[in-house]
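Model the following, please.
(one chain, ligands or ions: 2)
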Amino acid sequence: MNLRPLLPALALVAALLTPGCSDQGLSTKRAAGQGVVLSATAAPAGLEPGAETPYPLGLPSALKGRATYTANCASCHGTYITAAEQQDLQKQAALPRTHADFGRKEAELKAEGRWPVQPSKVGPDFASRAWRFERTPGQLFQLIAYGKALKFQGDPSKGTFEHPGPTGRMGEGWMQAIKDLRGDQLVATGDPVPVWNAIYYVWSRSIASVSPTRFKDVWDIYGQNCSVCHGDTAQGNGPLAKTLNPQPFNFSDRKALSQTTDAFLFWRISEGGQFKVIPASVRQSMTAESLQSFVHQWSAMPSWRGVLTEDQRWMLVDGVRSRTYEHE
Ligand code: HEC
Ligand code: HEC
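Numbers count the residues shown, from 1 in each chain. Ligands and ions are numbered 1, 2, ... in the order given. Below is the predicted model:
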């Protein structure tokens, strides 16, 4: 099937979705409430002006998100340590009890409230990738900041889903009450940035828990296969880029990537521009607008299905996204 006949249908879905959004309190102005004015003329410092989902101009940070998560979310979702910390603990366990380093990492984790490691009491296990396969970071921002989000964005029949807020009530957002580290004080600032940070923290648990070098390893695969078009710095400016239309995707466009799912990126990397249809599972995981602006049929993007292993393609999903937030 050609994509063109599909687009009007996708646009219709988008049109149907829009009024539903604001009725359910998902529109930025209504949901943000007092304190944060998210209009083009009065965006809080460091936020993109006028955006439906207030997106930080600076890199969101999974590193800063750790403290935010521990203070606000760990009581329900449990604590996580990274693969590097796990290795560190194992190394220390092998040291003689008299050694100065013995227990150093353990003490550090205890001070941060991340020891002993507590399993999640509710919700998904963030250390597995499965939970976020069909989520976009932007959708999770809506869910956590405002308490509810559209379940599968391209399919209105799937409805909305809700999340408990600071008082435990379903559908209540964290935007105003999320406690963030300012200096050494935890304070509620009404600022969306700590929400983004906490989301990228949980987002990256499944990567951090696999291997401390996973982010590094992926750039070898990237360098050999993708740089020529997408560029060494992943900004879509490789040596071949000038000859191509549409241009290779710029992976430092973090706002665009916050509107994509892993399901989508994996499919794009696997099938390239040579696909016949967008599979329903991918189509239903993103908004019609996002699909319309990101998918180009018959583009120069090659199909990597027969070239790279499934694991390598998943590594690349994490790899191309890793330019959009600060991580360990
Ligand atoms: C009062 C307990 C509680 C707190 C506190 C809490 N959550 Fe949750 N969270 C839940 C429950 C329950 C679910 C599962 C909801 C469901 O499956 O319908 C969940 C699900 C999630 C999900 C997965 C949503 C999905 O379906 O993909 C994310 C992401 C999440 N929470 C992030 C956070 C973040 C970030 C914080 C801190 C700002 C937080 N949560 C604080 C209870 C909590
Ligand atoms: C021959 C040039 C070329 C090579 C090599 C190439 N790409 Fe692409 N890629 C493109 C072009 C052109 C686009 C944009 C057009 C489109 O959407 O199909 C694109 C789009 C993409 C997208 C879609 C991004 C989005 O959000 O829409 C992803 C993901 C991607 N490439 C990943 C990769 C990865 C990973 C590699 C290496 C394994 C790679 N590409 C190698 C040319 C290339």
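
Every contact and neighbour count from this point should use C-alpha atoms.
OK.

So which bits of the chain are right by ligand 2?
Applying CA under 6 Å from any ligand atom, we find that the chain lies next to ligand 2 at 222, 225-226, 228-229, 246-249, 257, 265, 268-269, 273, 294-296, 299-302, 316.

Mind listing what's buried along stretch 286-294?
M286, T287, A288, L291, Q292 (16 or more other CA atoms under 10 Å).

Which of these sits closest to P137?
Distance to P137 across these (CA to CA) is lowest for M286, with 11.0 Å.

so E106 touches R114, yeah?
No - E106 is not in contact with R114 according to CA atoms under 8 Å; the separation is 9.2 Å.

Surely A149 touches T160?
Yes - counting by CA under 8 Å, a contact exists between A149 and T160, whose distance comes to 5.4 Å.

Could you say which helix or strand holds S206?
Take DSSP states H and E as the rule and S206 turns out to sit in helix 205-208.

tell me the mean pLDDT over the helix or strand just after that helix?
Once helix 205-208 ends, the next helix or strand along the chain (criterion: DSSP H and E) is helix 214-225. Averaged over helix 214-225, pLDDT sits at 92.

any chance you could map the helices in the stretch 1-150 of the chain?
6-23, 28-32, 62-72, 74-77, 83-93, 104-111, 137-146 (DSSP state H, counting those that start in this stretch).

And these, which one averages the lowest pLDDT?
Lowest mean pLDDT within these: helix 28-32, a mean of 32.

quick one, what contacts the residue of the stretch 101-250 of the chain found nearest ligand 1?
Residue nearest to ligand 1 within the stretch 101-250 of the chain: G123 (3.6 Å; CA to the nearest ligand atom). Applying CA atoms under 8 Å, 6 or more residues apart in numbering to G123 gives the contacts H77.

measure it to ligand 2 for me?
From G123 across to ligand 2, the span is 28 Å (CA to the nearest ligand atom, to the nearest Å).

can you tell me which of the buried residues of stretch 286-294 lies nearest to ligand 1?
Distance to ligand 1, by CA to the nearest ligand atom, is smallest for M286 among the buried residues of stretch 286-294, at 13.7 Å.

Which strand or helix spans that closest one?
Assessed by DSSP H and E, M286 sits outside every helix and strand.

Also the one 4 residues further on?
According to DSSP H and E, S290 maps onto helix 288-294.

Check the gap between the residue of the stretch 101-250 of the chain closest to ligand 1 and C73 for me.
Between G123 and C73 the computed distance is 11 Å (CA to CA, to the nearest Å).

Now do stretch 114-130: distance from first to last residue.
First-to-last distance for stretch 114-130 - CA to CA - comes to 23 Å.

Then stretch 246-256?
End-to-end span of stretch 246-256 (CA to CA): 16 Å.

all helices of the stretch 151-300 of the chain, in order?
Counting by DSSP H, counting those that start in this stretch, the helices of the stretch 151-300 of the chain are 192-203, 205-208, 214-225, 227-230, 254-257, 262-271, 280-283, 288-294.

Tell me how far the second one lies from the chain's centre.
For helix 205-208, the separation from the chain centroid amounts to 12 Å (computed by CA atoms, centre = their mean, to the nearest Å).

Show me the contact partners of that helix.
By CA under 8 Å, 6+ apart, helix 205-208 touches Y80, T82, A83, A84, F126, A127, S128, R129, R214, D318, E328.

Does it reach ligand 1?
No - for helix 205-208, no contact with ligand 1 is found by CA under 6 Å from any ligand atom; the gap never falls below 11.0 Å.

Please list all residues in contact with the closest residue to A241 other than its chain neighbours.
Once flanking residues are discounted, A241 sits nearest to C229: 5.1 Å by CA to CA, 6 or more residues apart in numbering. C229 makes contacts with G236, N237, G238, P239, L240, A241, P248, as judged by CA under 8 Å, 6+ apart.

switch to 10 Å and redo it
Under the criterion of CA atoms under 10 Å, 6 or more residues apart in numbering, the neighbours of C229 are 235-244, 247-249, 300-301.

Which of those residues sits closest to L143?
Taking CA to CA as the measure, L143 lies nearest F249 of the contacts of C229, at 27.3 Å.

Show me which positions of stretch 240-251 end up buried.
So for stretch 240-251, counting by 16+ other CA under 10 Å, buried means A241, Q247, P248, F249, N250, F251.

can you tell me which residues contact the last one?
By that I understand F251. 230-231, 233-236, 257, 319-324.

and if we set it to 8 Å?
So F251 contacts H230, A234, Q235, G236, L257, V320, R321, R323, T324 (CA under 8 Å, 6+ apart).
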